[in-house]
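> Sharing a sequence plus its predicted fold:
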Amino acid sequence: MPDNIDPQRSAALVELVRPKRLPRILDVGANPLANPLDRPPYETLAEQGLCEVWGFEPQEDAYEALLRTKRDNEHYLPHAVGLGGPATLHVYRNGAFSSMLPIHTPSIDFLDRWRDETTLVKTIDMQTHRIDDLPGMVDIDLLKIDCQGSEVEAMRGAEKRLAGAVAIIPEVRFLQLYENEPNLCGLDSYLRSQGFMLHKFLFIKSTLINHSRFGKLPKAMTVNQAVDGDAVYIRNPVSPQMTTEQVKNLAIFADAVFASFELVIRCLDILAARGVVTDADIQCYVDRLVG
């Protein structure tokens, strides 16, 4: 979660724009055990009850952990999502690497790391589910997705529910870790075809490359291989197709989820032009932001 998120400011913004319903967030791959110290980027909204969260996590221990800590505004299902049909979950020694895809060993060889963590423990045959086909599933405003290389398939199975979404936060891969994963190029191409544009990166993780002089270089000269990270894709708020409710949701997410404050102000400018807020309201937000 970005460091400059302010719960009081976010709550005041929600009160200002007054969405007709709580924004809905879908978290695919909601595993809280993969990185226990990490909080999801939407945590500020969730803990204040200012959004609804729908999450999917097929690993049994991770799913049970979610159920133990869930709030009233959070809903979790133990489904593996995708295009529907049979699939095989590859469970690795470090559960953060578990995926529907096998590990791409040439990358492990290139880095000469994560060999133990990516040791295959077992495989589990299971059915994947299209989110669009699940009874009781709601339309989604923001998608957070991290399913270790299967992101595009999961989104293809949810295109109806994501038709009105204004932001997507996918894990993007720069160095191939799994066989047949689309990596950044394939994921970016798909999201652009769905009307989204790349807005920013929340973070990029890099690692060391193995070489004959390993440990002999100053640390500042190493850790250069980009592996993966979280990106933010948004719908263009100046598009005439963006409804007022969509612009409100994008403003809320830009403030409380991915800390893009000039985007918040641009959304408020659009809402002011539509008579939803005033220039004084915008200045009040800016004063909270910089005061």
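Yep, that arrived.
> OK, contacts around the residue positioned nearest the centre of the chain?
A centroid search over the chain (C-alpha atoms, centre = their mean) returns Lys144, at 2.5 Å, as the residue closest to the centre. Taking C-beta atoms under 8 Å, 6 or more residues apart in numbering, we find Lys144 in contact with Ile25, Leu26, Asp27, Val28, Pro40, Pro41, Tyr42, Ile169. Any C-beta I mention is one placed from the backbone N, CA and C, and that applies to glycine too.
> Assign the second one to helix, strand or coil.
Spelled out, it's Leu26. Secondary structure for Leu26, judged by DSSP: H, G, I helix; E, B strand; the rest coil, is strand.
> what's the spacing between it and Asp139?
10 Å (C-beta to C-beta, to the nearest Å).
> Can you check which residues contact both of these two?
Taking C-beta under 8 Å, 6+ apart as the criterion, Leu26 and Asp139 both touch Arg161.
> Between the two, which has more neighbouring residues?
Legend: neighbour count by other C-beta atoms under 10 Å for Leu26 and Asp139, higher for Leu26 (27 against 13).
> Can you give me the neighbour number for the nearest residue to that one once chain neighbours are set aside?
Once flanking residues are discounted, Leu26 sits nearest to Ile140: 4.3 Å by C-beta to C-beta, 6 or more residues apart in numbering. For Ile140, the neighbour count with other C-beta under 10 Å is 22.
> Over to Ile140: give its phi and psi.
phi -110, psi 140 (degrees, to the nearest 10).
> give me the low-pLDDT residue ranges for this protein?
Within the chain, the stretches with pLDDT under 70 are 1, 34-37.
> quick one, helices of it?
Along the chain, counting by DSSP state H, helices occupy 7-17, 43-47, 60-69, 105-111, 151-156, 183-193, 244-256, 261-273, 279-290.
> quick one: Phe196 and Ile234 touch, right?
Yes - under the criterion of C-beta atoms under 8 Å, Phe196 makes contact with Ile234 at 6.5 Å.
> Turn the contacts of Lys144 into TSV, including distance to Tyr63.
Below are the contacts of Lys144 laid out as TSV (distance: C-beta to C-beta, whole Å):
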residue	distance to Tyr63
Ile25	18
Leu26	16
Asp27	12
Val28	13
Pro40	15
Pro41	21
Tyr42	19
Ile169	21
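> Mind picking the two most distant members of those residues?
Val28 and Pro41 (13.9 Å; C-beta to C-beta).
> Let's have the helices of the chain in TSV, adding mean neighbour count.
Converted to TSV, the helices of the chain look like this (neighbours: other C-beta atoms under 10 Å):
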stretch	mean neighbour count
helix 7-17	17
helix 43-47	20
helix 60-69	14
helix 105-111	13
helix 151-156	22
helix 183-193	15
helix 244-256	25
helix 261-273	18
helix 279-290	13
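> okay if I get those as a markdown table plus distance to Leu77?
Below are those laid out as a markdown table (distance: least, C-beta to C-beta, whole Å):
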| stretch | distance to Leu77 |
| --- | --- |
| helix 7-17 | 26 |
| helix 43-47 | 17 |
| helix 60-69 | 8 |
| helix 105-111 | 31 |
| helix 151-156 | 13 |
| helix 183-193 | 23 |
| helix 244-256 | 23 |
| helix 261-273 | 31 |
| helix 279-290 | 36 |
